[in-house]
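Chemist: here is my input, please return the structure:
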Amino acid sequence: MIIPGMPLMMGRKLRIPWDISGAVYNGKSFYVGGQVSNPRDIIIRYSGDTTLNMQILDAGGYLREYSMTPDHSGAGAGGMGKGDVTTCSYLGSATLTDFGTNLGGLAWADNTARIFIAIDITNDRARRNNNSRTYRTLQPGAYSYDQTAALSSPNGNGSAIHLASLGGGNARMYLTNGSGVSAYVYQHDCTNGFQLSGAGDDLALSKTLNVGATTGNNVLAIRLSPDGSKMYLLGYDNDTVYQFDLNIPYEIDSAAYNGVSFYVGSQVSLPVGLEFSGDGREMYVLGGLSGTGEKTVFQYNLA
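Modeler: Next comes the predicted model:
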């Protein structure tokens, strides 16, 4: 019996937003090597008009931006739908060399805040910019940091970063160490607008989570679902995305790995960046400086 509205399995695994277990490579990719020398992170956000913006962090101190045509059907949190990487077009660049020339990750605070934070791996510091425009469009030219703080991560240099604004002045900042004896995730509870220095320093370490037994020693990307119920980590050495359930939203000490992972090595080896569409229906993986799929963004369907 066929029930109207019920998806037909047809022998295939049902694909669900924000669940990587049913991920499928859709054959779409986009090469950024014409603009990016050493890719390290990818950010995809709705631009506020008719396009998405894809930003690629170049470790040498540059943020390259591309437009992307969205599919507005099923738009998710903040009105952000899924985008097709094959429609990307280069828009321009911002210079971040004041933040460092070996950057490991970059994250914007949220839809409305003007704040972004980048990680300087060489000096093991977080550097913040409270810029004059929202992330929806980059302002060409050089950006400078207005605050900086030494990372309190006890088990190696900070690398990947994710920021989550929870409302009511509460927020979370998550970091990973790029390499070491074992990989860790660090949680910082923030109540002062992502302040990095002075009164209300937001880099006081709240919680740690050892994930190395699952992910290997190099985790170069971290993302959380908008509701804080899932955490995703990108294993650099084993070309795999790992999905963790957070039984208490946004709290990494409630994390449980239930065996859900997705291997991307058929398209890219040594991946460095991970991103999701706002509706959780698409996943994007960024290839690094070398290896199969270098300097290329690959797109996967989750639902």
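
Chemist: mind listing the helices for the stretch 151-300 of the chain?
Modeler: All helices of the stretch 151-300 of the chain, identified by DSSP state H, counting those that start in this stretch, fall at 212-215.

Chemist: where do the strands sit along it?
Modeler: 158-167, 170-177, 184-190, 207-210, 219-224, 230-235, 240-246, 255-263, 271-276, 282-287, 296-301 (DSSP state E, counting those that start in this stretch).

Chemist: hmm, T86 is touching F30, no?
Modeler: Yes. With contact defined as CB atoms under 8 Å, T86 reaches F30; the gap is 6.3 Å. Glycine gets a C-beta too; all of them are placed from N, C-alpha and C.

Chemist: okay, the two: which has more neighbours?
Modeler: Shown here are T86 and F30; by other CB atoms under 10 Å, F30 has more neighbours (21 against 14).

Chemist: helix/strand/coil for the more buried one?
Modeler: Following DSSP: H, G, I helix; E, B strand; the rest coil, we place F30 in the strand state.

Chemist: if I pick it, what's in contact with it?
Modeler: Residues near F30 by CB atoms under 8 Å, 6 or more residues apart in numbering: Y66, V85, T86, C88, T296, V297.

Chemist: could you rerun that using 6 Å?
Modeler: V85, C88, V297 (CB atoms under 6 Å, 6 or more residues apart in numbering).

Chemist: tabulate these (a markdown table), appending neighbour count and distance to Y242.
Modeler: Shown next, in a markdown table, are those (neighbours: other CB atoms under 10 Å; distance: CB to CB, whole Å):
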| residue | neighbour count | distance to Y242 |
| --- | --- | --- |
| V85 | 23 | 23 |
| C88 | 22 | 27 |
| V297 | 27 | 20 |
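
Chemist: so where's the stretch 201-303 of the chain shaky on pLDDT?
Modeler: 201-202 (pLDDT under 70).
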